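**Q** Sequence and predicted structure, then a few things I'm wondering about:
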Amino acid sequence: MTATRTPGLPFIEDGVLVSTNPATGAEAGRLPVADAAAVAATVQRARAAVEWWGSLGFDGRKVRLLRWRALLAQRVEELAALTHDEGGKPVADAIVEAVAGIEHLDWAARNAKRVLGPRKTRTRLLVAEHVGHLEYQPYGVVGVIGPWNYPILTPLGPISGALATGNAIVFKPSEYTPAVGQWLVDTFAEVVPEQPVLQIVHGLGDVGAALCRSGVDKLAFTGSTATAKKVMAACAETLTPVVIEAGGKDALIVDADADIPAAAEAAVWGAMTNAGQTCIGIERAYVVAPVYDAFVASVVEKAGKLRLGEEIGPITMPGQIEVIRRHIDDALARGGKAVLGGAEAVQPPNVAPTVLVDVPEDSSAVREETFGPTLTITKVADAEEAVHKANAVPYGLGGAVFGKANAVRIARRLHAGMVAVNSTLAFVGMGSLPFGGVGDSGFGRIHGEDGLREFARAKAVTVRRAPSLLPAMTFERTPAQVARIVKALKLLYGRRP
Ligand code: NDP
C-alpha cells in the first residue's frame, strides 16, 4: 500500500479490490473484481445450482443451513476479528452482530417448511367442488447487495431467508467489507461443496448495478436511500422485483413514567454502538419535560465514559466524517448546544460521543441520517408532541419507547417498521420478527415469516373433487343454473351486516 492512500478507503489495483482498516490503513482483504460479463456468468452458474438446491427440499436444506449455522457459531471469534480488521468495528460489537445474524439463519432454516410448505386452504361455498392448495415457491436466483456497516448481519438476513426458501444467491458486498463477505461465502461452501448455491461478486457500485441488470429473479438491497433509488431504476428495466432496506433516523421517546437510568443506558447503546453507524441507530431522543434533566444528565454521564478505540471504533467510511461534522456544526450554528463532545469531537478517523440539545427540528442533525456517535435530545411537553416530532421525518425504519402505562400505545403510533419498548434495537435480534421500514427507509421485509415469503412466489392450485353444483365456469351452464347462482349469491352475500 502506498503512503498516500486514505486508511479505510478501498482501492483497485490490477483488477483486485483491496480493503484497508480505517484506523491503521493495514490491508485487510484482496479480492478479484468482477465485470458485467463475470456477473452474468455467475448468475448463470447460480441458475444451474438452484435446481439441485431445490431438489434437497425443505428438510435437506434445513440440515445444510444448520450445519452452516454451527460452523459460524464455532468460528465466531475468527469472523469478529476479521470484521474488526476490515471495518474497524470493536470485536465485542462484531460478536453481537454475528449472534443476531446466526439467530436469523437458525430461525429461517427451522421455519421455512412450516411457513412456505404446501397446505390446503379452507374451501368457499360457491366453489365447494374445488380444493385449494397453496405453497410458496422460490424465485430462482436472488441478488443480494449489502452495506459495510453490518457486513455479517445485513447480508445474512436476506441470504438466510432466500436460501431456506430454495433460491440460489449472488451476493455483492460493500467495497469496504469484501473480505467479510468472502468469508461468509467460503464457509457456506465448506458445508455445501456440491454446487455454487451462494456465490459472491466483488467490486464498486458498477458491479452492484450489473447485478441489478443481470437477470436475477429478485434483488434484495440494503444500503442508503440514494443508492436504493438507483437500484430500483436499474431493476425497473427488467421488471425485477426488489426489497429495499434503506437508511433511517430513528427516534427514542422517553415518557414520564420511564425508568430513567435504564432509558439512558439504552439510549447510549442505541446511539453509539458501532460508533453510530447503524441503520436502526437512535439518532434523536424526545423526552417529556418532567424527566428531561435527569435523562440528559444520565446520558452525558454514561456516554462520557465510552473510550475511543475501545467501545467506540473509527468511522469506517472516511467520507462519512464530513457528514457527521456538517451535522454537528449546523446544529451548533443554529442554537444547539453540545452537552458532550461537539465540533472538537471530530478527529478523523474517530468521532467522540456527542450529545446535542436545543437543536432546531429543521436542522440536518435532526432530519438527515448522521451515521455517527451523536444523539440529539429534545424536551417535549408530552408523549403526543414526541410522537408528532418523531414522525416528522421522511424516514421510518425503527424506534424505541421507554415508559410504562402508555409505552406500547406510543410504539404503535410511531411511523416505523419496528419499535423496541424499554430497550433499543432489540427487534433486530429476534428471528421470529420481520425487519424493514416505511417511507424513505424502504419497503418489503427480511427476517421472520414475512422475510421468508419475501423470497417466494405464492403458488395457487385448485383441484376439482366433485362435479359442480353451481357450474359457472362453462358455456354449458343453463339459464336455470345461472338463476341458482344468483339465488346462492344473494343468500350468501346479499345480507347487509
Ligand atoms: P450504499 O448505498 O452506499 O451502498 C450499499 C451497496 O450498494 C454497496 O454494496 C454498494 O457498493 C452498492 N452500490 C453502490 N452503487 C450502486 C448502484 N448504482 N447499483 C447497485 N448497487 C450499488 O450504502 P452504504 O454501504 O454506505 O451503507 C450505509 C447505508 O445503509 C446507510 O444509509 C444505512 O442506514 C443503510 N443500512 C440500512 C439497513 C437496513 O436494514 N435498513 C441496514 C444497514 C445499513 P459499493 O460499496 O461498492 O459502492
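**A** Right, received. Where do you want to start?
**Q** what ranges do the strands span in the stretch 301-450 of the chain?
**A** Using DSSP state E, counting those that start in this stretch, the strands of the stretch 301-450 of the chain run over 337-340, 346-347, 350-351, 354-357, 374-380, 395-396, 399-402, 420-421, 438-439, 442-443.
**Q** what are the pairing partners of the first one, and which direction each?
**A** Strand 337-340 has the following strand partners under DSSP bridges: strand 354-357 (antiparallel).
**Q** so where's the stretch 1-150 of the chain uncertain?
**A** Applying pLDDT under 70 to the stretch 1-150 of the chain picks out residues 1-4.
**Q** ok, 90 please
**A** Filtered on pLDDT under 90, the stretch 1-150 of the chain yields the residue ranges 1-5, 123.
**Q** Look through it and state the residue closest to the ligand.
**A** residue 147 (3.0 Å; C-beta to the nearest ligand atom). Heads up, the C-betas are built off the backbone N, CA and C, glycines and all.
**Q** Now do the SS call for that residue.
**A** Secondary structure, DSSP: H, G, I helix; E, B strand; the rest coil: residue 147 is coil.
**Q** Name the next helix or strand following the helix or strand containing residue 40 along the chain.
**A** Here residue 40 is covered by helix 36-55, with elements defined by DSSP states H and E. Counting by DSSP H and E, the element after helix 36-55 in chain order, helix or strand, is helix 57-74.
**Q** next structured bit after that next one?
**A** With secondary structure assigned by DSSP H and E, helix 57-74 is succeeded by helix 76-87.
**Q** Which neighbouring elements make contact with that following helix?
**A** strand 27-32, helix 91-116, helix 178-191 (3 or more C-beta pairs under 8 Å, 6 or more residues apart in numbering; DSSP states H and E).
**Q** how far away is residue 356 from residue 362?
**A** 14 Å (C-beta to C-beta, to the nearest Å).
**Q** Looking at those two now, which is surrounded by more residues?
**A** Higher neighbour count among residue 356 and residue 362: residue 356, with 25 against 9, using other C-beta atoms under 10 Å.
**Q** need the contact list for that one.
**A** Applying C-beta atoms under 8 Å, 6 or more residues apart in numbering to residue 356 gives the contacts 328, 331-332, 336-339, 342, 365, 374-377.
**Q** Mind listing the residues bridging to it?
**A** Going by DSSP bridges, residue 356 is paired in beta bridges with residue 338, residue 376.
**Q** All further residue positions should be reported with the first residue as 7.
**A** Got it, the first residue is 7 from now on, which makes the last one we talked about residue 362.
**Q** Can you get me a residue count around residue 299?
**A** Residue 299, neighbours per other C-beta under 10 Å, totals 12.
**Q** thought residue 243 was touching residue 219?
**A** Yes - the criterion here is C-beta atoms under 8 Å, and residue 243 meets it with residue 219 at 6.5 Å.
**Q** Compare those two (neighbour count), which wins?
**A** residue 219 (17 against 9).
**Q** And for the most centrally placed residue in the chain, nearest residue in space, chain neighbours not counted?
**A** Residue closest to the average C-alpha location in the chain (C-alpha atoms, centre = their mean): residue 251, at 5.0 Å. Nearest in space to residue 251, with sequence neighbours left out and distances taken as C-beta to C-beta, 6 or more residues apart in numbering, is residue 228 at 4.1 Å.
**Q** what does residue 358 give?
**A** Per C-beta to C-beta, 6+ apart, closest to residue 358 is residue 351, 3.9 Å.
**Q** contacting residues around the one you found?
**A** The neighbourhood of residue 351, defined by C-beta under 8 Å, 6+ apart, consists of 334, 344, 357-360.
**Q** before we move on, back to that, dump the helices and strands packed on helix 82-93 into a markdown table; add mean neighbour count and distance to the ligand as well.
**A** Below are the helices and strands packed on helix 82-93 laid out as a markdown table (neighbours: other C-beta atoms under 10 Å; distance: least, C-beta to the nearest ligand atom, whole Å):
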| stretch | mean neighbour count | distance to the ligand |
| --- | --- | --- |
| strand 33-38 | 18 | 11 |
| helix 97-122 | 21 | 11 |
| helix 184-197 | 20 | 8 |
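**Q** For residue 418, find the nearest of the ones you listed.
**A** helix 97-122 (23.9 Å; C-beta to C-beta).
**Q** Give me the next element, helix or strand, following that closest one.
**A** Per DSSP H and E, the first helix or strand lying C-terminal to helix 97-122 is strand 125-127.
**Q** Tell me which other helices or strands that next one touches.
**A** Going by 3+ C-beta pairs under 8 Å, 6+ apart, strand 125-127 lies up against strand 136-144.
**Q** Correct me if wrong: the residue nearest to the centre of the chain contacts residue 442.
**A** Yes - assessed by C-beta under 8 Å, residue 251 is found in contact with residue 442 at 6.1 Å.
**Q** give the contact list for the residue lying closest to residue 428 once chain neighbours are set aside.
**A** In space, residue 428 comes closest to residue 408 once its chain neighbours are excluded; the distance is 5.7 Å by C-beta to C-beta, 6+ apart. Neighbour list for residue 408: 258-261, 264-265, 268-269, 272, 427-428 [criterion: C-beta under 8 Å, 6+ apart].
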